[in-house]
Every structure is written in structure tokens, then in C-alpha cells.
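Enquirer: just to be clear, the model below is a prediction. Sequence and coordinates:
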Amino acid sequence: MPTMKRQSYGRVAVLSSISGREGNASMSAYSTSKAGVIALVKSVAKEAAADGITINAVAPSMFQTPLLQHLSEERNAALLSRVPMGRIGQPLEFAALAAWLLSAECSYTTGQVLDLSGGRYAGS
């Protein structure tokens, strides 16, 4: 932050989770930690906004990552059933959003949690 403040420019994108927005059964510690990330992003974004620094979070749901290999078939099916698009997100979809958040074009968006959940959150 000190370097970004001196430069009057900075972009920060933080990984949260849809669990931090709505919680997940049997995942209270994980959901709580991701909710804390969201609160941190919102607070620090307000502190840094006047310095030309944007800070945002991404809240994905199911993505094709090694994490899914550690969940049971039943758990994966239950999580996927909550995704209105009916599919698992792909890493390139996450990368595209992160690239924009970290770009100069993302100059008037800060303190936001961007949903990347195939419609699971849908503003509720």
C-alpha cells in the first residue's frame, strides 16, 4: 500500500467466495473467513479510494480446481445443484475478470464483491 499511495495508483483483486456472501452448511469456518475478506476489502477500499487505489473481491462458486477432487461426488453434486447455469466455472473465466479488475480500465470500481457463481448469488 505505501508504494501504491506514493504512485497515486494501484489495483488489488482479492479472492473471496460465494460462501462469504451466503454461507455454506458444514463450512462455517470457511464461510466466516471469506466473509471477513469481504469486510476487509470494503473497508480498505474506502481508506484507499482517494489515493487512486481500487480494491475489489471476486466471489466464485464452483470452479474447475483441484479442490473439487477433495470433495465427495455427493458434495460436488449438491453444490452444483445450487448453480443456475448448471456447470462448473473455468479458470479462464476467473482470469478474465481478475485481469479487468487489475487493469487501468477498472478505474471507478472499488470496494465491490463481484459475483462469479453462475447465477448462484444473483443479488440475493
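Expert: The structure has been received and is ready for your questions.
Enquirer: where is the longest strand in this protein?
Expert: In the chain, with assignment by DSSP state E, the single longest strand is strand 53-60.
Enquirer: how about the helices in the chain?
Expert: Per DSSP state H, the chain carries helices over the ranges 2-7, 18-22, 28-48, 73-80, 91-101.
Enquirer: and of the ones you listed, who's closest to residue 63?
Expert: helix 91-101 (6.3 Å; CB to CB). The way it works is simple: take the backbone N, C-alpha and C, and place the C-beta from them, glycine included.
Enquirer: in the closest one, what counts as buried?
Expert: 94, 97-98, 101 (16 or more other CB atoms under 10 Å).
Enquirer: and for stretch 104-120?
Expert: Applying 16+ other CB under 10 Å to stretch 104-120 flags 106, 110-118, 120 as buried.
Enquirer: quick one: mean pLDDT for stretch 37-57?
Expert: On average, the pLDDT along stretch 37-57 is 98.
Enquirer: how about that stretch as CSV, C-alpha atoms only?
Expert: Output of stretch 37-57 as CSV, limited to C-alpha atoms (Å, rounded to 0.1, in the frame of the first residue of the first chain):
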residue,chain,number,x,y,z
VAL,A,37,-12.2,-11.0,3.5
ILE,A,38,-15.3,-9.2,2.0
ALA,A,39,-15.4,-6.8,5.0
LEU,A,40,-11.7,-6.1,4.8
VAL,A,41,-12.0,-5.3,1.1
LYS,A,42,-14.9,-2.9,1.6
SER,A,43,-13.1,-1.2,4.5
VAL,A,44,-9.7,-0.8,2.9
ALA,A,45,-11.2,0.2,-0.4
LYS,A,46,-12.8,3.2,1.3
GLU,A,47,-9.5,4.1,3.0
ALA,A,48,-7.5,3.9,-0.3
ALA,A,49,-10.0,5.4,-2.8
ALA,A,50,-8.7,8.9,-2.6
ASP,A,51,-5.2,7.6,-3.3
GLY,A,52,-6.1,6.2,-6.8
ILE,A,53,-6.2,2.7,-5.5
THR,A,54,-9.0,0.3,-6.2
ILE,A,55,-9.6,-2.8,-4.2
ASN,A,56,-12.2,-5.4,-5.1
ALA,A,57,-13.0,-9.0,-4.4
